[in-house]
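*Asks:* Quick one, structure for this:
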Amino acid sequence: MTTAYTSLLGLALPVDGELTGTWGQVVNNYITTYLDGAVAGTQIISGSGSQTAVTLSKTTGTALIQVGSGTTGSSQYQVIKCSGAPTSLLTVTVPSAEKTYLVINATSTSQSVKIVGASGTGVTIASGKTSIVAWNGSDFVEISPSTATTATTATAANGINSATTTVVLNSATAPTTGQVLTATSGTAATWQTPSASGVTSVTATSPVASTGGTTPVISMPAASTSVSGYLTNTDWNTFNGKLSTSGGTMTGNLTLDAYTEKVATLATSGTIALNPSTGTTLSCAAAGTVTFTDSLSSGQSISLLLTNGSTYTINWPTTTWVTAAGNTAPTLSASNTLVFWKISSTLYGALVGKSA
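*Replies:* Below you'll find the model as predicted:
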């Protein structure tokens with residue numbers, strides 16, 4: 001009888017009466033060395049751009065084979081490290097057998113690595129990730145939370161290289177406080193965070209033509225999309241972008257260090273709308289009869305600086321006045337500051353004070 005080999009790691013199985021005088025060689029080469037590679041060894045794949053397919057097979061009776069820049073090698077190694085520069089997806093085919101691999105995708109061209117057996121769809125490991133994959137009886141699957149590193153090292157003063165278009169964030173690690181994502185006109189930028197169902201993206205598109213400038217506009221995913229990761233005031237303490245005004249509701253708390261209201265100067269006579277879209281800090285220097293109308297929605301408020309109110313006739317919309325004397329319209333002077341707010345369909349008003 002001749003030496004047989006185990007089905008998984010290809011370890012030598014000498015039989016009685018065999019290998020007289022050569023036991024040491026067989027044990028050292030095909031048991032000890034094989035176990036060393038299977039427990040702590042690394043299969044290095046370090047090819048060029050043309051290396052997009054590698055096959056790892058069980059080696060028996062010969063020395064373990066390193067792939068390097070080739071296309072074949074031994075499958076017994078515990079770690080598979082891909083550090084080459086493929087120009088497309090690098091597919092590594094391994095035996096369909098009970099085996100666990102630690103896969104390190106360190107490719108320099110940001111390409112994914114796919115570990116696949118003779119059957120099944122396999123596992124795709126994104127650039128910069130390290131994952132543990134194992135055979136489950138029918139396919140290779142990922143069995144550990146994967147990690148990610150930033151795709152590009154921040155070098156610019158704003159925290160992220162202005163040439164960067166994709167920044168991959170570890171879902172368990174917040175961005176560096178103070179990072180600002182900027183993009184030149186025509187350039188898109190993307191935050192990507194790993195999620196249970198794959199990579200979820202928040203995309204900053206190039207500036208819209210009507211506004212000009214170089215600040216990207218943030219486009220959030222659809223309402224049904226669940227975004228994991230970080231996009232918060234504390235993590236991104238400077239947010240150099242624009243929020244859509246097309247609708248939507250923010251739930252939870254938003255803490256701001258400061259904010260600026262829109263200031264507007266109204267006409268001096270005629271019918272004038274009290275409209276927050278015009279501005280929330282308004283001024284009116286009456287030069288004739290003024291008739292104010294109500295254009296507030298429930299929950300909105302404005303402040304109004306009104307001068308010459310004692311000289312010209314001022315007509316107010318239907319208002320519930322809040323004064324010490326009750327629901328009574330205020331007596332105006334040369335300069336007055338008033339506030340208006342609406343709850344449901346009721347417009348409230350109050351004279352804050354007079355400066356003249």
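
*Asks:* hang on, isn't residue 276 packed against residue 298?
*Replies:* No: under the criterion of CB atoms under 8 Å, residue 276 lies out of contact with residue 298, with a separation of 11.7 Å. C-beta: built from backbone N, CA, C; applies to glycine.

*Asks:* The two - which one has more neighbours?
*Replies:* For residue 276 against residue 298, the residue with the higher neighbour count under other CB atoms under 10 Å is residue 276, and the figures read 20 against 11.

*Asks:* Which residue, other than its chain neighbours, is closest to that one?
*Replies:* Leaving aside its chain neighbours, residue 276 sits nearest to residue 300 (4.8 Å; criterion: CB to CB, 6 or more residues apart in numbering).

*Asks:* Count residues in the vicinity of that neighbour, would you?
*Replies:* For residue 300, the number of neighbouring residues by other CB under 10 Å comes to 17.

*Asks:* And for residue 127?
*Replies:* As a burial measure, residue 127 scores 19 neighbours (other CB under 10 Å).

*Asks:* again, but for residue 272
*Replies:* Around residue 272 sit 19 other residues, with neighbours defined as other CB under 10 Å.

*Asks:* I'd like the average pLDDT over the helix or strand where it lies.
*Replies:* Taking DSSP states H and E as the criterion, the element that holds residue 272 is strand 270-274. For strand 270-274, mean pLDDT rounds to 97.

*Asks:* The longest helix along the chain packs against which elements?
*Replies:* In the chain, ranked by residue count with DSSP state H as the criterion, the top helix is helix 33-40. If you count contacts as 3 or more CB pairs under 8 Å, 6 or more residues apart in numbering; DSSP states H and E, helix 33-40 packs onto no helix or strand.

*Asks:* Residue 291: which element?
*Replies:* When elements are assigned from DSSP H and E, residue 291 belongs to strand 290-294.

*Asks:* That should have said residue 282, apologies.
*Replies:* When elements are defined using DSSP H and E, residue 282 is found to belong to strand 281-285.

*Asks:* What are the buried residues along that strand?
*Replies:* When burial is assessed from 16 or more other CB atoms under 10 Å, strand 281-285 yields the following buried residues: 282, 284-285.

*Asks:* and the closest residue to residue 49 other than its chain neighbours, backbone torsions?
*Replies:* The shortest distance from residue 49 to any non-neighbouring residue, by CB to CB, 6+ apart, is to residue 87 (4.1 Å). Summarising the backbone geometry of residue 87 under the convention degrees, to the nearest 10, its torsions are phi -90, psi 0.

*Asks:* Contact partners for residue 87?
*Replies:* Under the criterion of CB atoms under 8 Å, 6 or more residues apart in numbering, the neighbours of residue 87 are 49-50, 52, 109, 111.

*Asks:* among the helices and strands of this structure, which one scores worst on average pLDDT?
*Replies:* Evaluated with mean pLDDT, DSSP states H and E, the helix-and-strand set of the chain has its lowest mean pLDDT in strand 166-168, which scores a mean of 38.

*Asks:* surely residue 126 meets residue 107?
*Replies:* No: taking CB under 8 Å as the contact criterion, residue 126 and residue 107 are not neighbours in contact, 10.1 Å apart.

*Asks:* now residue 14: how far from residue 29?
*Replies:* Residue 14 sits 12 Å away from residue 29, going by CB to CB, to the nearest Å.

*Asks:* Of residue 126 and residue 107, which one has the most company?
*Replies:* residue 107 (22 against 19).
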